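1. This is a predicted model, with the sequence first.
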Amino acid sequence: MTTGLPTGFEGWVAEAARAASGRGLEWLEARRRTALEQARAQGMPTSKDEHWRYTSLTGLREQAFALPTEPLTALQRDDIEEALIDGLDSHRVVLVNGRFIPELSPLEALPKGVRIAGLAQLLESEPDLLQGHLNAVAGDDLPLFAALNTASLDDGVVVIVDGGAVLERPIELVHLSVGLDEPRVAQPRNLVVMQAGARATLIERYLSLGDSLYCTNCVTEVSLGRDAHLAHERIQDESPSAFHIAGLYLRQDTGSNYVGINVGLGARWARTDLCVRFSGEHADCDLQGLYLAGDGQLMDYHLDVAHELPNCRSQENFKGILHGKGRAVFDGLVFVAEDAQKTDAAMSNRNLMLSESAELDTKPQLEINADDVKCSHGTTVGRIEPEMLFYLRSRGISAPIARRMLCLGFAGEIIDKLSTEALRDYVTEQVGQRLESAPLS
Amino acid sequence: MLSVKGLRANVGDKEILRGLDLEVGPGEVHAIMGPNGSGKSTFAHVLSGREGYEVTGGAATFEGQNLLELEPEERAHLGLFLAFQYPVELAGVNNTYFLKAALNSIRKARGEEELDAVSFLRLIKEKLKILHLDDSLLKRAVNAGFSGGEKKRNEIFQMALLEPKLAILDETDSGLDIDALRVVAGGVNALRSPERSVIVVTHYQRLLDYIQPDYVHVLAKGQIIRSGGKELALELEEKGYGWIETEGRAA
């Protein structure tokens, strides 16, 4: 079998091929097969590929990953206690190594018109419900990792909020990785469908019990109907040995509003692709990001926002703190088509470098083909101002704490946008802890 | 309390302080006046440990400890406080959080118990009243978007909260209108006590109408060339610095 993919990926591809038997659903089999062919045809990207210019795949390709196994059903509520956030009152869904675990996902008291279920479950019980939605937003032209995810598409979470339904409590998807004897790949697929006028907050968390080596290759598809509203808060806090690959595919209809907050803290190597399309006018998309990269870490964000229709607004605001030998990549593209008049787009990437050895590649781009638009982009790379540090120290605050306060001040702009206090406190704590142990050079 | 002897300091290759002597005892208020470029602010900064100055000679001790070898935060722990001429804006750093961190750092360094949130807020409300400050200031980021007057009042507010043994006010009067000046001076006066000393660095005599000094020193070209009582400030106001500089050289 020639796959054009290196050894390390054989496991993925083999699994994808095996999964292609697709639960007896012809449409699903067809989608998986197409995706597998796409993955094979693309092969591994090289540094000549514009989308992978600054991000080396060497570490990932040298690593052999085993096939996913059966769900870990032995886990009890107590086992996952450490993964929960104090005071966060949510409709919680727990996945372990990419598999939906009903026993840990007590989905009671869901309001009327809200459906949350495991993807594999629904593929068995109500496949017709999914046929029109799965892959509808991501589309058929998938980049390698999304193609691999689709080729073995089987489990994950489905959230469907009916027209006009409103969720007061946030939905929380806890993607938990538990170390097994050998490194594994988890490829969960999340599907979020917000019908016209629906409103919800969705928290998506990726984390691990322990610090084992594994890979998450997740895809989340979100479609917002007319005037729907979604706050989508994603906290990537994977194990320090892990690889994390995430694809978000978002489609927004007329008048819809999306606020996405992407926090990247964990993993040794993390790649996130955010892809936004509008299917109606007067939609508003706000993408916020905060990433921290320290020794041995890479945080890579790729944004692809296309304004094909007029009168939509998008904002992309990403902030990074780099310390030690941390590396980060920000590659953002906002495209404005010829007919997309009155587009309002502002992209910004600001970075705070705490050490000389940290490295950043930032490339915000606007491609504008319409003449009546308001678009801007900007990027900054700065250090902690000695003046600020001295001011704090002159008040008796030690240099490390002063530095942490200034960094949290910088990060606060993004953290403050999280919709629940429990999550704000959690992220502040996590960022603070990492900065505390950060070497300064 | 503070003893400075023959202090010399450079900024880059330029010598700014050229053998400065000053003795400040407990409870005393000293005014240091002088023309622009005389080294007033440099002196305040060197005492508080700001980077960018090279001390090339002399000594500065505070209650017997060598100040010059201490980090800025260690000087604050000893009881030194600098009210900045240009208070720095700290975007995103909440004022209450900052004040609590500062107070508790100092208390901890002194072996005192840290204040909990309730006792801290009670203390802060009390201090706010002294400076006629609105508590909305507590919710804002440190100095961010503050007017010039608010920034200066926030400095004095911090001083009131941290209760230093020696406060150095670096041109606190600059950019203040007369009402703000009165409030700031009132705050300083409220803190005067037999144990607490103040060094007021200023270009103009005006502030000294409100904060009455025990001693006035004239700094020129990095040295104190004249010392006297508060009447010296009035004399300077009348005759200008030219008079004393000429006289100083002649002497």
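-> All right, it came through fine. Numbering: from 1, shown residues only, chains lettered A, B, ... in the order given.

2. can I assume A:V334 is in contact with A:Q365?
-> Yes. Applying Cβ atoms under 8 Å, one finds A:V334 in contact with A:Q365, separated by 7.3 Å. From N, CA and C alone the C-beta is placed, and that goes for glycine too.

3. Kindly report the residues of chain B close to chain A.
-> Residues of chain B lying close to chain A (Cβ under 8 Å from any Cβ of the partner chain) are B:48-52, B:71-73, B:75-77, B:81-82, B:84, B:87-88, B:90-93, B:97-98, B:101-103, B:105-106, B:109, B:141, B:158, B:162.

4. Just the ones of the residues you listed in strands?
-> B:F81, B:L82 (DSSP state E).

5. Listing request: residues of the stretch 301-441 of chain A with sub-threshold pLDDT.
-> For the stretch 301-441 of chain A, applying pLDDT under 70 flags the ranges A:439-441.

6. where along the stretch 1-150 of chain B do the helices fall?
-> Using DSSP state H, counting those that start in this stretch, the helices found in the stretch 1-150 of chain B span residues B:40-48, B:72-78, B:95-109, B:117-130, B:148-162.

7. Could you list the buried residues of the third one?
-> If I follow you right, that is helix B:95-109. By neighbour count on 16 or more other Cβ atoms under 10 Å in any protein chain shown, the buried set for helix B:95-109 is B:N95, B:T96, B:F98, B:L99, B:K100, B:A101, B:A102, B:L103, B:N104, B:S105, B:I106, B:R107.

8. Wait, the third one touches B:V142, no?
-> This points to B:F98. Yes. B:F98 lies in contact with B:V142 (Cβ under 8 Å); the separation is 5.0 Å.

9. what touches both of these two?
-> Residues touching both B:F98 and B:V142 (Cβ atoms under 8 Å, 6 or more residues apart in numbering or on different chains): B:L90.

10. State which one residue of chain A is found closest to chain B.
-> A:G409 (3.0 Å; Cβ to the nearest Cβ).

11. so that residue is in which element?
-> In this assignment (DSSP states H and E), A:G409 forms part of helix A:399-415.

12. Residues in contact with the very next helix or strand once past that helix: which ones?
-> Past helix A:399-415, further along toward the C-terminus, the next helix or strand under DSSP H and E is helix A:421-436. Identification of contacts with helix A:421-436 by Cβ under 8 Å, 6+ apart yields A:85-89, A:203, A:233, A:235, A:237, A:263, A:265, A:290, A:292, A:294, A:321, A:323, A:354, A:400, A:403-404, A:407-408, A:411-412, A:415-416, A:418.

13. ok, what's across the strand from the residue nearest to A:L176 when sequence neighbours are not counted?
-> Of all residues not flanking A:L176 in the chain, A:V96 sits nearest, at 5.1 Å (Cβ to Cβ, 6 or more residues apart in numbering or on different chains). Assessed by DSSP bridges, A:V96 has beta-bridge partners A:R99, A:L176.

14. Per-residue pLDDT of A:V96, please?
-> Looking at A:V96, its pLDDT stands at 93.

15. Near it, how many other residues are there?
-> 22 (other Cβ atoms under 10 Å in any protein chain shown).

16. same deal with A:T34?
-> If we define neighbours as other Cβ under 10 Å, then A:T34 has 16 of them.

17. One more: B:G27?
-> Counted with other Cβ under 10 Å, B:G27 comes out at 14.

18. Chain A versus that one, what's the distance?
-> Distance check for B:G27 against chain A: by Cβ to the nearest Cβ, to the nearest Å, it reads 22 Å.

19. For the nearest residue to that residue once chain neighbours are set aside, what are phi and psi?
-> Spatially, and ignoring its direct neighbours in sequence, B:G27 is nearest to B:P194 (4.2 Å; Cβ to Cβ, 6+ apart). B:P194 adopts backbone torsions of phi -60, psi -20, taken as degrees, to the nearest 10.

20. Distance of B:P194 relative to chain A?
-> The gap separating B:P194 from chain A is 23 Å, by Cβ to the nearest Cβ.

21. and that residue, how many neighbours?
-> 8.

22. just checking, it touches B:E28?
-> No. Counting by Cβ under 8 Å, B:P194 stays clear of B:E28, with 9.7 Å between them.
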